[in-house]
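**Student:** sequence plus predicted model, see below.
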Amino acid sequence: MLWGRPSACGGLPGRPAAGLIALTAALIPAACGTRSVRPHLTEPFPNKLSAWRLFIGDPAALKPNAGVIPYDLNTPLFSDYATKYRFVWMPPGTSATYNDTEAFDFPVGTIFSKTFAFPDADQGGKQRIIETRLLVKGQSGWVTLPYVWNREQTEATLDVAADPATVHWVHPSGTRYTIDYVIPNTNQCKGCHDRSKTVTPIGPKARNLNKDFSYPEGRFNQLAYWTKVGYLKGAPPPDRAPKLAVWDDPLTGTLDARARAYLDTNCGHCHNPRGPANTTGLYLTAAQTDPMRLGLCKVPVSAGQGSGDLLFDVVQGKPEESILIHRMESTTPKIMMPELGRSMVHQEGVALIREWIASLPGSCNAAKSGHL
Amino acid sequence: MTKTAAALFAALSLTLCVSCARRDSGLAAGPDFQKKFQEALIAAKPGAVIELPEGRLDMDRALSLSVDNVTIRGKGIDKTILSFKNQKSGPAGLTVTSNAFTIEDLAIEDTKGDALKINGANGVTVRRVRTEWTGGPSDKNGSYGIYPVQCKNVLIEESASIGAADAGIYVGQSSNIVVRRSRAEANVAGIEIENSQFADVYENKSTHNTGGILVFNLPDLPVKGGGNTRVFNNEIVENNTQNFGAKGSMVAKVPTGTGVIVLATNHVEVFKNTIKDNNTTNVSVISYMTTGNPMNDATYYPFPEAIYVHDNTISGGGTAPSGEYADVLAPVVGKPMPAILFDGIVNPAKLAAGKRLPDDLRICIQNNGDANFMNYDAGGHFKHVSRDLKPYNCSLAPLAAVNLPAAAAAPPAGGN
């Protein structure tokens, strides 16, 4: 296996320009060689997360190995208020190809790592890591690998169909919650990471990565940083790349922009013409402009009971009459949306979408009397 | 070996075993069954047969399969029962997104949402599968029982769906479909073919639903233009269960007591069925305008055309119309309601000489014994109702039988 050679140093590739040498060098630890990231491109995939060598030192500290870059998104998916840690690694000498609207085209061997953690209410708010999901571009496409952490926080083990984890956690406000946190099985991973039935990354799109991030060496725009370290080619300067608003930061966009950003990330991965919810005809990606496709006055043809006795997906000015809100506010399996990945209602997210719907001008023609 | 590795190994050996010998597989009932079953679904290789044991198997979360050419097989429609009574998460019972899928000889009960959803598959066989909400009709039941959507080459046979709060057997946005020898009971819609092309629905029994068999074409969906559907040799009787569908859903508008509805679909042949004792009406052919729903979809065609209703045995019913029929139509036409209703709405742009649709697009109603009829002039607010069947005394070329690829048995001669 090419990348698995102990000699394959996990240091960053690229052609550092003058002035960037220091930055790049900082990412390559002295101890390269056997401690570098060890990718796996075919089955069987490692049973232990540690076998990938994405992190060094105390496992629970998630200190990235050489070439493993942390990143963040403008507007992330809501996952029961979990804290998330995202990292990406690419094989030496390879890079992703930029795309304006879709996830970038990543090279074989790319590893995304996303870790979910909560402040443990049983241990005075000390962080408890629940799971780390790897999305790996193997020889025959992307593979989803859920690793579940032990209570000792020393290791995570591959579990393709994990049981839910009972999590007692404490919100910064002091409120304590107990949830049955659902760890998606690998099929459920595919259920969301599905574009025309092919597993695809969701988060790393230009519009969601286009933001500053505090690296150990300083604060840089992520698209520029990925370009500088050789992980991305073809990207325009950040100010000419699309940029999603931060859903809860009014300084980053109008109410409309923030609501659409929220819907893009939380719904658009399924609700798009090539996603698993394309059967509904409701499309919620950032690029969507057709009001009917966005749900305005759209009759919910196949929502079944999810409609909650309401007539339209979105009724302008009337969040309480909009099915979208009804489904976001539910935690009942057949009603709730997204249908996976949360067991709680995202109160702040619902509030944003309520405000957005309330702000929309217009009205829906109520169905006239009629019958079948 | 860790627990997970052991489970994976078990799942793997299960897959290997069942492909090499006809012996009982390692999936035994027990507290770990759910996890092991899901692991087997994930670890399955194309060609795998996953055998399920007899008994009631409790599930508390959704199952899914995304590997092509897998068979899930139980010990019998009443012997292997996947019970989701205590389901806590997941939108459906079993969701399948892979091709060449076969499921047979088991039941899926009491899911919170849909029971068996098959999305985007080419090649679906559902055989001797029962989906049921065991508490009877309730708006708390899940929406769809057997639910292929955006699929090709679908065979549903000898199956049963009971208690769905939307449609029992529902095939949507699909093509090349056979639904036969199955039973739909106590659902809002018994069997529904929606926005689909080339479907044969025959030798089924649809009873005690709100509506028996629906052939629909609806707007705002990515796949439109439903048609080329044959409904024949079915028993569609006593579909008089009070509508319990969610208000916003299309089927919530199905009048309690409906046998067959053809809604805005083209090229539909309804023949040799026994349709009786449906207390609003036995057969209705309507345009989307009649639903009263707004139409914002410019690419949608709302008129039923080339509809051929013939040689059916129709009797009884019409004695207790519900919904708008009861409020508006019954006072005009009296009871019992006519056995065959047509809303009279056609595309004015297509009317040819004599204000008639071209011969190949007509609504033809022929040889249905003494079943009475009415064009109830929905477009003219019921002002010019007509019981005259003569304008509909015509025939259309029989539709071709659906041919499924070899895996599924060919349907019998259509009876034309």
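**Tutor:** Noted; the coordinates are in hand. The structure presented is a predicted model; accordingly, all values stated were derived computationally and were not measured.
**Student:** so which residues make contact with stretch A:172-182?
**Tutor:** The contact list for stretch A:172-182 (CB atoms under 8 Å, 6 or more residues apart in numbering or on different chains) reads A:80, A:82, A:116, A:118, A:121, A:130, A:164-171, A:340-341, A:343-344, B:61, B:88-89. Backbone N, C-alpha and C define where each C-beta goes, glycine included.
**Student:** ok, now with 7 Å
**Tutor:** A:80, A:121, A:130, A:164-171, A:343-344, B:88-89 (CB atoms under 7 Å, 6 or more residues apart in numbering or on different chains).
**Student:** check contacts around B:G90.
**Tutor:** A:333, B:61-62.
**Student:** what does B:Q34 give?
**Tutor:** B:59-60.
**Student:** doesn't it fall inside a helix?
**Tutor:** Yes - under DSSP: H, G, I helix; E, B strand; the rest coil, B:Q34 falls within a helix.
**Student:** can you pick the most crowded of the contacts of B:G90?
**Tutor:** Counting neighbours by other CB atoms under 10 Å in any protein chain shown, B:A62 leads these with 29 neighbours.
**Student:** how far does the helix or strand encompassing that residue sit from its chain's centre?
**Tutor:** Assessed by DSSP states H and E, B:A62 sits inside strand B:61-65. Strand B:61-65 sits 22 Å away from the centroid of its parent chain (CA atoms, centre = their mean, to the nearest Å).
**Student:** what pairs with it, and is each one parallel or antiparallel?
**Tutor:** Each strand paired with strand B:61-65, and its direction, by DSSP bridges: strand B:89-96 (parallel).
**Student:** could you give the mean pLDDT of the partner strand?
**Tutor:** Mean per-residue pLDDT for strand B:89-96: 92.
**Student:** likewise stretch B:121-131?
**Tutor:** In this model, stretch B:121-131 has a mean pLDDT of 98.
**Student:** please enumerate the helices of chain A.
**Tutor:** Counting by DSSP state H, chain A has helices at residues A:21-27, A:186-192, A:206-209, A:222-228, A:255-266, A:323-328, A:347-359.
**Student:** so which residues on the stretch 201-350 of chain A come close to chain B?
**Tutor:** A:276, A:278-279, A:281, A:292, A:297-305, A:307-311, A:323, A:332-334, A:339 (CB under 7 Å from any CB of the partner chain).
**Student:** and for the longest strand along chain B, what's in contact with it?
**Tutor:** Secondary structure assigned by DSSP state E gives strand B:122-132 as the longest strand of chain B. By CB under 7 Å, 6+ apart, the surrounding residues in contact with strand B:122-132 are B:77, B:99-109, B:115-116, B:118, B:145-146, B:148, B:151-163, B:407-408.
**Student:** B:L221 touches B:Q173, doesn't it?
**Tutor:** Yes - between B:L221 and B:Q173 there is a contact at 6.1 Å, judged by CB atoms under 7 Å.
**Student:** so for the two, which sits in the more crowded spot?
**Tutor:** It is B:Q173, of B:L221 and B:Q173, that has more neighbours when counted by other CB under 10 Å, with 25 against 22.
**Student:** point out where chain A drops to low pLDDT.
**Tutor:** A:1-34, A:302-305, A:366-369 (pLDDT under 70).
**Student:** what parts of the stretch 1-150 of chain B come near chain A?
**Tutor:** B:2, B:4-5, B:8, B:35, B:38-39, B:41-42, B:64-66, B:87-91, B:97, B:112-113, B:119-120, B:139, B:142-144, B:149-150.
**Student:** highest neighbour count among the contacts of stretch A:172-182?
**Tutor:** Top of the contacts of stretch A:172-182 by neighbour count (other CB under 10 Å): A:W169, with 24 neighbours.
**Student:** residue contacts, the spatially closest residue to that residue that is not a sequence neighbour?
**Tutor:** Spatially, and ignoring its direct neighbours in sequence, A:W169 is nearest to A:F118 (3.8 Å; CB to CB, 6 or more residues apart in numbering or on different chains). Counting by CB under 7 Å, 6+ apart, A:F118 makes contact with A:82-83, A:128, A:130, A:167, A:169.
**Student:** relative to A:L209, which of those residues is nearest.
**Tutor:** A:T83 (19.0 Å; CB to CB).
**Student:** show the buried residues in the residues of the stretch 1-150 of chain B next to chain A.
**Tutor:** Among these, those classed as buried by 16 or more other CB atoms under 10 Å in any protein chain shown are B:4, B:8, B:35, B:38-39, B:41-42, B:64-66, B:87-91, B:97, B:112-113, B:119-120, B:142-144, B:149-150.
**Student:** and the residue of the stretch 301-416 of chain B found nearest chain A, how many neighbours?
**Tutor:** Going by CB to the nearest CB, chain A is nearest to B:E324 of the stretch 301-416 of chain B, at 4.0 Å. Other residues within reach of B:E324, judged by other CB under 10 Å, total 20.
**Student:** now do the SS call for it.
**Tutor:** helix.
**Student:** and the pLDDT at it?
**Tutor:** 82.
**Student:** what sits closest to B:F37 if chain neighbours are left out?
**Tutor:** Nearest one to B:F37, counting by CB to CB, 6+ apart, is B:L27 at 6.2 Å.
**Student:** now that neighbour: how far from chain A?
**Tutor:** Remark: distance between B:L27 and chain A (CB to the nearest CB, to the nearest Å) = 13 Å.
**Student:** just B:V188 next, same as before
**Tutor:** 10 Å.
**Student:** tell me the contacts of that residue?
**Tutor:** With CB under 7 Å, 6+ apart, B:V188 has these contacts: B:164-167, B:209-210, B:243-245, B:251, B:254.
**Student:** ok, now A:P333?
**Tutor:** Counted by CB under 7 Å, 6+ apart, A:P333 has contacts B:87, B:89-91, B:112-113.
**Student:** so B:N119 sits against B:T97, correct?
**Tutor:** Yes - in this structure B:N119 lies within contact range of B:T97 using CB under 7 Å: 5.2 Å.
**Student:** please settle this for me: is B:I118 part of a helix?
**Tutor:** No - read with three-state DSSP, B:I118 is strand and lies in no helix.
**Student:** right, and it touches B:V96 too?
**Tutor:** Yes - B:I118 is within contact range of B:V96, at 4.5 Å (criterion: CB under 7 Å).
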